[in-house]
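Visitor: My questions are about this predicted structure, shown below with the sequence.
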Amino acid sequence: MAVLADDSGLSIDYLNGQPGVYSARYAGDHNDAANRQKVLEKLKGVDDTNRGAHFNCALVVTSPDKKPLVKVGIVDGRITTSEKGENGFGYDSIFYYPEYKRTFAELTQDEKNKISHRGRAIEKLMESFDGWMKN
């Protein structure tokens, strides 16, 4: 039987990729507000050109008789100096997406779905999945 697993997180250039794999627990035990505040505090006084950030998602599908199929989706943006927007979760209210000139928390669900890191990873996975299953 094939199994699908994923992990996603936020990587901030100035913080050498943090919070990365610890995104959900960056400030403790799955506290979104505390995670955002920790990021904002660590970036306090950092100019806009050094606030680059990336939402990343890695998907892996595997089975006992196949080599794992791994795909990654990435969305590039930057971290704001304060929270903006009411939608979304996690780091959405501090992740600014330049192409839309808004944070992820200011986007509608449809807008976010069109550009999300998970969506991009799934799209790449689906491009290769049938061929992977046949081999």
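Guide: Done, it's in.
Visitor: Name the next helix or strand following the longest strand along the chain along the chain.
Guide: Using DSSP state E to define each element, the chain has its longest strand at strand 66-79. For strand 66-79, the following helix or strand on the C-terminal side (DSSP states H and E) is strand 95-97.
Visitor: Tell me which other helices or strands the helix or strand following that next one touches.
Guide: Using DSSP H and E, the helix or strand that follows strand 95-97 towards the C-terminus is strand 102-103. Secondary-structure packing of strand 102-103 (3 or more C-beta pairs under 8 Å, 6 or more residues apart in numbering; DSSP states H and E): strand 95-97. (Each C-beta comes from the backbone N, C-alpha and C, glycine too.)
Visitor: just checking, what packs against the strand it packs on?
Guide: By 3+ C-beta pairs under 8 Å, 6+ apart, strand 95-97 packs against strand 66-79, strand 102-103.
Visitor: One more pass at 7 Å, please.
Guide: Contacts defined by 3 or more C-beta pairs under 7 Å, 6 or more residues apart in numbering; DSSP states H and E place strand 95-97 against strand 66-79.
Visitor: tell me which residues in the longest strand of the chain are buried?
Guide: By 16 or more other C-beta atoms under 10 Å, the buried positions in strand 66-79 come out as 69, 71, 73, 75, 77-79.
Visitor: How about stretch 100-120?
Guide: Residues of stretch 100-120 classed as buried: 103-107, 112, 115-118, 120 (neighbour count, 16+ other C-beta under 10 Å).
Visitor: quick one: which of the residues you listed is nearest Phe55?
Guide: Nearest to Phe55 among the buried residues of stretch 100-120 is His117, at 4.2 Å by C-beta to C-beta.
Visitor: Test my guess that that closest one contacts Asp76.
Guide: No - between His117 and Asp76 there is no contact under C-beta atoms under 7 Å: 9.7 Å.
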